[in-house]
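1. structure for the following, please:
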Amino acid sequence: MKYGICVGLNRLAEAAAAGFDTIEPPINVLPDMTEDAFQAAVAAVEASPVKCPCFNLLFPRTLQLLDTGTTDEDVTVYLDSALSRMRRLGGRIAVFGSGRSRNRPEGMDYGQAFRRLIHVTRLTGEIAAKFGITVVIEPLNRAETNMINSVAEGACLAAAVNLPNVQLLADYYHVDKDGEPIEDIIRVGGVSHIHIATGETRLCPTQEEPGFRKLFAALKATDYQGAVSIEGKVEDLAQEGPAALALMKRLWAEA
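-> Residues are numbered from 1 along each chain as shown. Below is the predicted model:
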């Protein structure tokens with residue numbers, strides 16, 4: 001099992017010192033980086049023992065994916081730029097959370113929105129495939145988006161898209177916030193990436209919660225082969241990082 005943390009590229013050294021295997025930076029900032037800044041980031045990743053095989057925040061909030069005024073060309077131009085740079089940084093998994101980007105517009109019925117989301121997700125997967133990248137759909141709680149709010153809904157979207165490089169993520173914080181059964185990971189046949197944070201406060205998980213054991217048990221039951229990334233607020237990475245790593249490794253061993 002590999003363990004990572006969702007932080008920017010500028011925190012590689014901190015993550016390494018804390019003992020993490022990987023970091024998970026945002027994708028949506030990559031197209032706007034100057035060439036000099038981007039090349040410096042590539043050099044930093046190549047020199048670091050900590051790599052970034054997974055990136056999150058696939059789309060900027062300014063790109064409204066379900067708006068009928070957003071064209072396939074708009075999506076393609078953005079993704080070609082973002083994913084080519086992500087791949088150059090060693091990224092192979094792109095997390096499709098981006099709740100505001102995938103919100104159903106006011107006045108659009110759910111069926112139309114879902115069909116549009118299938119189309120956009122399939123287009124995203126096809127473009128990602130050119131770079132050898134897998135897209136993982138991240139279900140988000142209802143306070144953050146009005147489309148794809150559960151592991152089961154995410155599995156339905158992935159099934160409808162029907163591409164080998166479009167898979168599913170489960171995020172413990174979102175599952176817990178909306179009261180989903182964590183065992184749905186087993187019911188849908190497993191996931192390809194995991195995010196974790198404390199259930200109520202969305203902090204770095206340094207102490208055990210009852211649901212954590214259910215999560216790791218579900219992962220063991222589905223022969224999980226992916227990684228776990230912390231996606232929670234961190235006040236002091238040097239202190240909280242090692243504690244969280246020790247907790248996760250113990251839970252995995254005991255699951």
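
2. got the phi/psi numbers for residue 253?
-> Note on residue 253: its backbone torsions stand at phi -70, psi -30 [degrees, to the nearest 10].

3. distance of it from residue 246?
-> Computed as Cβ to Cβ, to the nearest Å, the residue 253 to residue 246 distance reads 11 Å. C-beta: built from backbone N, CA, C; applies to glycine.

4. neighbour count for those two, which is higher?
-> residue 246 (12 against 9; other Cβ atoms under 10 Å).

5. helix, strand or coil for the residue nearest the centre of the chain?
-> Residue closest to the average C-alpha location in the chain (Cα atoms, centre = their mean): residue 95, at 3.4 Å. Put simply, residue 95 is strand when judged by DSSP: H, G, I helix; E, B strand; the rest coil.

6. is it in a bridge, and if so with what?
-> When assigned by DSSP bridges, residue 95 has beta-bridge partners residue 136.

7. check it and give its pLDDT.
-> Residue 95 is assigned a predicted lDDT (pLDDT) of 98.

8. residue contacts, it?
-> With contact set as Cβ atoms under 8 Å, 6 or more residues apart in numbering, residue 95 has these partners: 24, 54-58, 136, 138, 169, 193, 195.

9. the same query, at a cut-off of 7 Å, please.
-> Residues in contact with residue 95 (Cβ atoms under 7 Å, 6 or more residues apart in numbering) are 54-56, 58, 136, 138, 169, 193.

10. now flag whichever of the residues you listed is closest to residue 120.
-> Checking the contacts of residue 95 against residue 120 by Cβ to Cβ gives residue 58 as the nearest, at 10.9 Å.

11. that closest one against residue 94, yeah?
-> Yes. Using Cβ atoms under 7 Å, residue 58 is in contact with residue 94, at 5.2 Å.

12. can you check which residues contact both of those two?
-> Residues touching both residue 58 and residue 94 (Cβ under 7 Å, 6+ apart): residue 27.

13. what ranges of the stretch 101-250 of the chain fall below the confidence cut-off?
-> Low-confidence segments of the stretch 101-250 of the chain (pLDDT under 70): none present.
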